[in-house]
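# Mind folding the following:
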Amino acid sequence: MVKSEHRAQSAIVRDVLSTMGAEIARGRKRRGFSQEDLATRVGCSRNTLRAIEAGRPTVEIGLFLEAAALVNIPLMGGDRSDIRFRGDVARREADLLPKAHNSVEIDDDF
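Numbering: from 1, shown residues only. Got it, this is the predicted structure:
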């Protein structure tokens, strides 16, 4: 088993994960789902759902987002068509931006 390297999260990321976890827990309870119910719908274990609700940064982002969507937390502040539109615009803009290239140090000291 390979031990994963722990990476410190910035304060804003910790705050977002903690808030999102709290909102997921609130949404789950409002809908009358147990942790087991929501975990089954998300496709994860109850322990993973507990980690989501605790805002742990080790949980896959897809599981966080799926849990949020299932309890009706707006993702990226819009509906699905708005999100797809924003993605299309971002991809088109990224395609127009210059490609990254390796910096090569040039010896111009003649």
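# so what pLDDT did the closest residue to T19 other than its chain neighbours get?
Using CB to CB, 6 or more residues apart in numbering and skipping the chain neighbours, the partner closest in space to T19 is G55 (7.4 Å). In this view, the C-beta of every residue, glycine as well, is placed from N, C-alpha and C. Per-residue pLDDT puts G55 at 97.
# Need phi/psi at G55.
Geometry field for G55 lists phi and psi as phi 70, psi 30, criterion degrees, to the nearest 10.
# shouldn't it be in contact with L17?
Yes - using CB atoms under 8 Å, G55 makes contact with L17 at a distance of 3.8 Å.
# neighbour count winner among those two?
G55 (22 against 19; other CB atoms under 10 Å).
# coming back round to it: any idea how far F64 is from the residue nearest to T19?
From G55 across to F64, the span is 9 Å (CB to CB, to the nearest Å).
# what touches both of these two?
Common contacts of G55 and F64 (CB atoms under 8 Å, 6 or more residues apart in numbering): L17, M20.
# Might you report the residue contacts of L17?
Per CB under 8 Å, 6+ apart, neighbours of L17: Q9, G55, R56, P57, F64.
# Could you find the closest non-adjacent residue to the fourth one?
Computed as CB to CB, 6+ apart, the closest residue to P57 that is not its neighbour in sequence is Q9, at 5.0 Å.
# any idea how far the one you found lies from F64?
With CB to CB as the criterion, Q9 and F64 are 13 Å apart.
# and those two? which has more neighbours close in?
Comparing Q9 with F64 by other CB under 10 Å, the one with more neighbours is F64, at 23 against 13.
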